[in-house]
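*Asks:* Predicted structure and sequence below. I'll ask about it afterward.
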Amino acid sequence: MMNKLYAQLLLLCFPFFLNAQGIDVPVTAKSKINFSGMLQTQFNYSLDDDIDITGRHHTGTERFSHNSFSVKRARIQINAAITDRINAVMLVNFGDFTGNPQNKVLENAYIKYSINDYVNFQFGQFRPQFGQEDNYPVDFVRSIDYSNQYYLFGANSWQSFQIGASYFGEIKNSTVPIKYSIGIFNGNNRNQITDNDDGKIVPARLVFGLGKGTLLGLSGGAGRNMGQKIWAYGADVDYKKQLNEKWNVEFVSEFKQGVNSVAYFEQTDPVIPISRYVMRGVYVQPNVGYSFKNVRLKNLEFAVRYEYLDADFKLAGNSRQSYIPMVSASFAEAYAVRVQLGFMMDRYERNIPNTTQYDANRIICQVQARF
């Protein structure tokens, strides 16, 4: 498996090597290829004596790290405009090699066919439209990372990178502008050779422009996983306003609920119906930005995210509340160079020793560069 993965990455990087040697890589006559990348590094520091940098609690005498530097993401993206209607996109994250790269590394790998604003199709591996956080890459996130809700619903195949097809578009010239999307996906997460069953998931989303910088998003979906019926739904509100030349504000809130099929299939011999394994999450995140005319420092932003998440609230749930105040400084336009400092506070309904379900306090400093 590992040898096959390395071989695939070697083939992907081969054109870069040829170009470095002054060798032209042939492309179709009308193709336009754009390369971009992003590097994101972190320093994590645990403020608790018995909590490591991952948030895991320790009661024994084993040694573990309270602080560490890491490379969280090292991405390279290729965007090829093959014709005026067809694009092909590939995105890989070499930062995944620092851990277990199995079923990781490759993120986006899709072909997009656009006819007009109303009719567009996408095929391959990409993020389904099922929430506000699917609308922007992680380097534009107003906090240290995506929400805990995003990763939980991603593990259940509603968000993050999935394999399938979608139809989407938007109606711009309307009293209430509307963006719409519907797709069908394997439902067993990214980088799988084939689907593991005949079941598929069908997520759909509508986003309404309500005017004055306000967007209302509604998401819903249903499907089957290993013969079991699954579903999820959610709603989100995004508000932006430029107060004056220097100050701007943004407020994002999102709620989601759905079947936690991961928790159900983790049971050796589940006797409780899958419909009883339900996850629920909500978060709010205000953000205030101040722009400078200084050549070096472009803007400062102050944000705080509060999140409530319970992966199994109908049964043996253990709700998690997270508080993440953060300040970030941008030294180039569009977050091309950005430094972030965040304080992550997790509080659980009940602490479970020797697990990550334990109250924790961590400081994270993150530096990113986009090119």
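*Replies:* Perfect, I can see it now. Residues are numbered from 1 along each chain as shown.

*Asks:* quick one: low-confidence ranges for the stretch 1-150 of the chain?
*Replies:* 1-30 (pLDDT under 70).

*Asks:* all helices for it, in order.
*Replies:* 2-20, 148-155 (DSSP state H, counting those that start in this stretch).

*Asks:* So which elements touch the next helix or strand after the last one?
*Replies:* Where DSSP states H and E defines the elements, the next helix or strand beyond helix 148-155 is strand 162-171. Counting contacts by 3 or more Cβ pairs under 8 Å, 6 or more residues apart in numbering; DSSP states H and E, strand 162-171 is packed against strand 120-126, strand 178-185. Using the backbone N, CA and C atoms, a C-beta is placed for each residue, glycine as well.

*Asks:* Note down every partner strand of the first one and its orientation.
*Replies:* The strands that strand 120-126 pairs with in its sheet are strand 106-114 (antiparallel), strand 162-171 (antiparallel) (by DSSP bridges).

*Asks:* Could you give the bridge partners of the closest residue to I230 other than its chain neighbours?
*Replies:* Of all residues not flanking I230 in the chain, V259 sits nearest, at 4.3 Å (Cβ to Cβ, 6 or more residues apart in numbering). V259 has the following beta-bridge partners by DSSP bridges: V278.

*Asks:* Might one say that V259 is in contact with G223?
*Replies:* No. Between V259 and G223 there is no contact under Cβ atoms under 8 Å: 9.6 Å.

*Asks:* Find residues that contact each of those two.
*Replies:* Residues touching both V259 and G223 (Cβ atoms under 8 Å, 6 or more residues apart in numbering): K229, I230, W231.

*Asks:* With respect to N135, which of those residues is nearest?
*Replies:* W231 (22.2 Å; Cβ to Cβ).

*Asks:* That closest one sits in which helix or strand?
*Replies:* Here W231 is assigned to strand 228-242, by DSSP H and E.

*Asks:* Can you list the strands that that strand pairs with?
*Replies:* strand 214-225 (antiparallel), strand 247-259 (antiparallel).

*Asks:* now those as a markdown table including mean neighbour count, mean pLDDT and distance to D134?
*Replies:* Converted to a markdown table, the strands paired with strand 228-242 look like this (neighbours: other Cβ atoms under 10 Å; pLDDT from 0 to 100; distance: least, Cβ to Cβ, whole Å):
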| stretch | mean neighbour count | mean pLDDT | distance to D134 |
| --- | --- | --- | --- |
| strand 214-225 | 19 | 96 | 9 |
| strand 247-259 | 19 | 97 | 11 |
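
*Asks:* can you put these in a markdown table and add distance to I324?
*Replies:* A markdown table is the format used below for the strands paired with strand 228-242 (distance: least, Cβ to Cβ, whole Å):
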| stretch | distance to I324 |
| --- | --- |
| strand 214-225 | 22 |
| strand 247-259 | 13 |
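
*Asks:* Looking at the ones you listed, spot the one closest to R205.
*Replies:* strand 214-225 (4.6 Å).

*Asks:* Run through who's touching the closest one.
*Replies:* Against strand 214-225 from outside (Cβ under 8 Å, 6+ apart): 129-132, 157-158, 187-188, 197-210, 229-239, 254, 256, 258, 261, 265.

*Asks:* hang on, the earlier thing: out of the strands paired with strand 120-126, which gets nearest to D139?
*Replies:* Of the strands paired with strand 120-126, nearest to D139 by Cβ to Cβ is strand 106-114, at 12.8 Å.

*Asks:* ok, back up a step: nearest to G55, out of the strands paired with strand 228-242?
*Replies:* So among the strands paired with strand 228-242, strand 247-259 is nearest, using Cβ to Cβ, at 22.0 Å.

*Asks:* Give me the three-state assignment for N318.
*Replies:* coil (DSSP: H, G, I helix; E, B strand; the rest coil).

*Asks:* what's the distance between it and D312?
*Replies:* N318 is 8 Å from D312, where distance means Cβ to Cβ, to the nearest Å.

*Asks:* Run a quick check on K229 versus P273, I expect a contact.
*Replies:* No. Assessed by Cβ under 8 Å, K229 is found out of contact with P273, at 9.7 Å.

*Asks:* The two - which one has more neighbours?
*Replies:* K229 (14 against 10; other Cβ atoms under 10 Å).

*Asks:* Please name the bridge partners of that one.
*Replies:* R224.

*Asks:* Same question for Y110.
*Replies:* Residues in beta-bridge contact with Y110 (DSSP bridges): V89, G124.

*Asks:* Quick one: residues contacting it.
*Replies:* Here Y110 is in contact with A88, V89, Q122, F123, G124, Q125, F126 (Cβ under 8 Å, 6+ apart).

*Asks:* if you set the cut-off to 6 Å instead, what comes out?
*Replies:* The contact partners of Y110, by Cβ atoms under 6 Å, 6 or more residues apart in numbering, come to V89, Q122, G124, F126.

*Asks:* gap between the last one and D236?
*Replies:* Just to be clear, that refers to F126. Distance from F126 to D236, by Cβ to Cβ: 20 Å.

*Asks:* before we move on, what about the third one?
*Replies:* For G124, the distance to D236 equals 25 Å [Cβ to Cβ].

*Asks:* Look at these two and report which has more neighbours.
*Replies:* Legend: neighbour count by other Cβ under 10 Å for G124 and D236, higher for D236 (22 against 18).

*Asks:* Just give the nearest non-adjacent residue to that one, would you?
*Replies:* For D236, the spatially nearest residue (Cβ to Cβ, 6+ apart) is E254, at 3.8 Å.

*Asks:* That neighbour and A235 touch, don't they?
*Replies:* No. Using Cβ atoms under 6 Å, E254 is not in contact with A235; the gap is 7.4 Å.
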